[in-house]
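Student: Mind looking at a prediction? Sequence and model below.
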Amino acid sequence: MRARVDAIAAIAAAEVRSAIAARLVQCFGLLFALLALAIAVAGLGASGQVMVQGFVRTAVSLLMLALYLLPLLGLVLGAGAFGAEHGGVELLLAQPISRGTVFAGRALGLAAVLAAIGAAGFGLAGVVVAIAAGTAGALGYLLVAGGSIAVGLAGLGLGVLIGTLARRRSAAVGMALAAWFCLAVLYDFAAIGVLQFTGNGEPGPVLVVLLALNPIDGVRALAMAGLGADVLMGPTGAAVVRLLGPGGGAAFILASLLGALALPLAAGRALHARRDY
């Protein structure tokens, strides 16, 4: 058991080094950090001085950015790394270790890279806000950061599954981009149509199911409700808060997020064990 843990750790460390050396990860990390810092600094006030938002307002603004960028990074990172053309896989599989160990180490390394990028962006913005505006609302900010990183990891799991299914890395990345577009953009339009056809357009149990089926929308609704930002959505936001309250809607969405994290990885591991390299 100890040997397997050591092997997973060694493979994960190698995957981290490989990912960090990639221009994609460097650019994403820098972009997310700079945008997070820009969001924390709200702009010029009436006095001509730079105004820094508090944690709650920063969390609401940064949530929208993170729920688009982190899943995109996860999908592309997982699909590219597990594409069939990855040359280092043959060398790893030639070692006296199981395919499950190789899969676990590589996935863990990619997850560490994505989590580090998310933590760095939220951390940089959080330090600026704490210094300039105090620590009120910091707990909600941390919960938003954790939820956003979890959605990014769900995207990574789906990207890993796509990579194991594709026969070429370019095809895997293309499929990952298409999946992101469907989840981040098209899904909301489809959900609006479903709500219109299945009821009177008002929030109800169907909305909870739709939120649970898409981690991006589910975490966004939970975060907005937890931060008290549902007022920005008017009566619809108040209805969503009621749905996510004691009735168990929030627990249902959180359970679906765990499924979105675990199920693609389980399917990817099964495919990885049978695929010829």
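Tutor: Received the coordinates, thanks.
Student: the strands in the stretch 51-200 of the chain, which residues?
Tutor: For the stretch 51-200 of the chain, applying DSSP state E, counting those that start in this stretch gives no strands.
Student: how about the helices in it?
Tutor: Along the stretch 51-200 of the chain, counting by DSSP state H, counting those that start in this stretch, helices occupy 55-81, 88-93, 99-133, 138-165, 169-181, 187-198.
Student: Please point out which parts of stretch 218-228 sit buried.
Tutor: The neighbour-count check on stretch 218-228 (16 or more other Cβ atoms under 10 Å) flags Gly218, Val219, Arg220, Ala221, Leu222, Ala223, Met224, Ala225, Gly226, Leu227 as buried. In short, each C-beta sits where N, CA and C put it, glycine included.
Student: tell me the mean pLDDT for it?
Tutor: Stretch 218-228 carries an average pLDDT of 81.
Student: tell me the SS of Ile11?
Tutor: Secondary structure, DSSP: H, G, I helix; E, B strand; the rest coil: Ile11 is helix.
Student: that older thread, can I get the buried residues of stretch 218-228 in a markdown table including secondary structure and distance to Ala251?
Tutor: A markdown table is the format used below for the buried residues of stretch 218-228 (DSSP: H, G, I helix; E, B strand; the rest coil; distance: Cβ to Cβ, whole Å):
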| residue | secondary structure | distance to Ala251 |
| --- | --- | --- |
| Gly218 | helix | 12 |
| Val219 | helix | 14 |
| Arg220 | helix | 17 |
| Ala221 | helix | 13 |
| Leu222 | helix | 10 |
| Ala223 | helix | 15 |
| Met224 | helix | 17 |
| Ala225 | helix | 13 |
| Gly226 | helix | 14 |
| Leu227 | coil | 19 |
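Student: before we move on, back to that, in CSV, list the helices of the stretch 51-200 of the chain along with mean pLDDT and mean neighbour count.
Tutor: Shown next, in CSV, are those (pLDDT from 0 to 100; neighbours: other Cβ atoms under 10 Å):
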stretch, mean pLDDT, mean neighbour count
helix 55-81, 91, 24
helix 88-93, 68, 14
helix 99-133, 91, 20
helix 138-165, 93, 24
helix 169-181, 93, 18
helix 187-198, 80, 13
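Student: and Leu265, which of those helices is closest to it?
Tutor: With Cβ to Cβ as the criterion, Leu265 lies closest to helix 138-165 of these, at 4.5 Å.
Student: Ala223: what's it in contact with?
Tutor: Applying Cβ atoms under 8 Å, 6 or more residues apart in numbering to Ala223 gives the contacts Ala59, Val60, Leu63, Leu143, Val144, Gly147, Ala229.
Student: still on that earlier bit, and the buried residues of stretch 218-228, which is closest to Ala22?
Tutor: Lowest distance from Ala22 to the buried residues of stretch 218-228 (Cβ to Cβ) belongs to Val219, with 26.5 Å.
Student: if I look at the closest one, how far off is Phe28?
Tutor: Relative to Phe28, Val219 is positioned 19 Å away (Cβ to Cβ, to the nearest Å).
Student: cool, and Ala172?
Tutor: To Phe28, Ala172 is 17 Å away according to Cβ to Cβ.
Student: possible to save the helices of the stretch 51-200 of the chain as JSON lines with distance to Ile11?
Tutor: Below are the helices of the stretch 51-200 of the chain laid out as JSON lines (distance: least, Cβ to Cβ, whole Å):
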{"stretch": "helix 55-81", "distance to Ile11": "12"}
{"stretch": "helix 88-93", "distance to Ile11": "7"}
{"stretch": "helix 99-133", "distance to Ile11": "3"}
{"stretch": "helix 138-165", "distance to Ile11": "14"}
{"stretch": "helix 169-181", "distance to Ile11": "19"}
{"stretch": "helix 187-198", "distance to Ile11": "34"}
